[in-house]
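Peer 1: sequence plus the predicted model coming up.
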Amino acid sequence: MPAEFFGKIEALWNARSSLNISTLVIGLLTMLLIIIMKRTTPRLPGLIVAVAITSAIVAVLGLPVDTIQSRFGDLPRSLPVPSVPQLDATRMVDLLPSAFIIAFLAGVESLLSAMVADRMIESRHRSNAELIAQGAANLGSTLFGGLPATGAIARTATNVRAGGKTPVAGLVHAVTILVIMLIAAPLAGYMAMPALAALLILTA
């Protein structure tokens, strides 16, 4: 898939013969369920329920639809053993320019996400706290082989629409992901990819 917009459109048009009707129906059904549940039962986590329902339909009926497991394989059920990355002076000098660029872009994206959340919940974030927390998290993630992470507008907006309005929402999100990984990883593998795509489209 090309990076630029018009290249993507051309690639999608050229792949039109590979259209999967089951995938399209699951995606549209997920969007419909999310919209209906948001209007009829706004207090329920409609996003999660809709994705769970359509993913269950895919599993029960055996539809030819990509799931997390079929696309990426089995999800890990435990954290890797922490280890300190091997660093020497030469490697640090080589990586320093890239590290500064990544840190700058990650900071900008996180602060942009915080501003979006501010407008959605009519609040005001603390920039220093955001950046320090992000830096600490990224330093910690390297011990487990993690990649640099930032605040993301899609995740932030989804979190706010699901009812999260305080920093505790981010902590709950992290703990939930950890519990899913440790306990329900096989179950999470059944989540249908078009259901997740529908959720992200509506969030965007």
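Peer 2: Looks like it arrived, so ask away.

Peer 1: can you pull out the strands in this structure?
Peer 2: Counting by DSSP state E, the chain has no strands at all.

Peer 1: tell me how it divides into domains.
Peer 2: What automatic domain parsing lists as the domains of the chain is 1-73+189-204, 77-185.

Peer 1: output these as CSV; include the columns mean pLDDT and mean neighbour count.
Peer 2: Placement of C-beta: from N, CA and C, glycine included. What follows is these, written out as CSV (pLDDT from 0 to 100; neighbours: other CB atoms under 10 Å):
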stretch, mean pLDDT, mean neighbour count
domain 1-73+189-204, 91, 15
domain 77-185, 84, 13
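
Peer 1: against which helices or strands is the lengthiest helix in the chain packed?
Peer 2: Using DSSP state H, we find that the single longest helix of the chain is helix 89-121. Judged by 3 or more CB pairs under 8 Å, 6 or more residues apart in numbering; DSSP states H and E, helix 89-121 is in contact with helix 127-142, helix 153-161.

Peer 1: by how many degrees do the longest one and helix 89-121 diverge?
Peer 2: Using axes from the mean of the first three to the mean of the last three CA atoms, to 10 degrees, the inter-axis angle of helix 127-142 relative to helix 89-121 is 130 degrees.

Peer 1: what does the shortest one give?
Peer 2: With the same axes, to 10 degrees as the basis, helix 153-161 and helix 89-121 are set at 40 degrees to each other.

Peer 1: what residues does helix 153-161 touch?
Peer 2: For helix 153-161, the surrounding residues in contact (CB atoms under 8 Å, 6 or more residues apart in numbering) are 47, 112-114, 116-117, 120-121, 169-170, 173, 199-200, 203-204.

Peer 1: and residue 143, how far from residue 66?
Peer 2: Counting by CB to CB, to the nearest Å, the gap from residue 143 to residue 66 is 32 Å.

Peer 1: for residue 149, same thing?
Peer 2: Counting by CB to CB - residue 149 and residue 66 are separated by 24 Å.

Peer 1: measure how far stretch 19-38 is from the centre of its chain, please.
Peer 2: 19 Å (CA atoms, centre = their mean, to the nearest Å).

Peer 1: ok, now stretch 100-115?
Peer 2: 17 Å.

Peer 1: what does that stretch contact?
Peer 2: With contacts defined as CB under 8 Å, 6+ apart, stretch 100-115 is touched by 125, 127, 130-131, 134-135, 138, 148-153, 155-156.

Peer 1: try stretch 176-187
Peer 2: Residues from elsewhere that reach stretch 176-187 (CB under 8 Å, 6+ apart): 69, 74, 75, 76, 77, 78, 79, 188.

Peer 1: sweet, I'm off.
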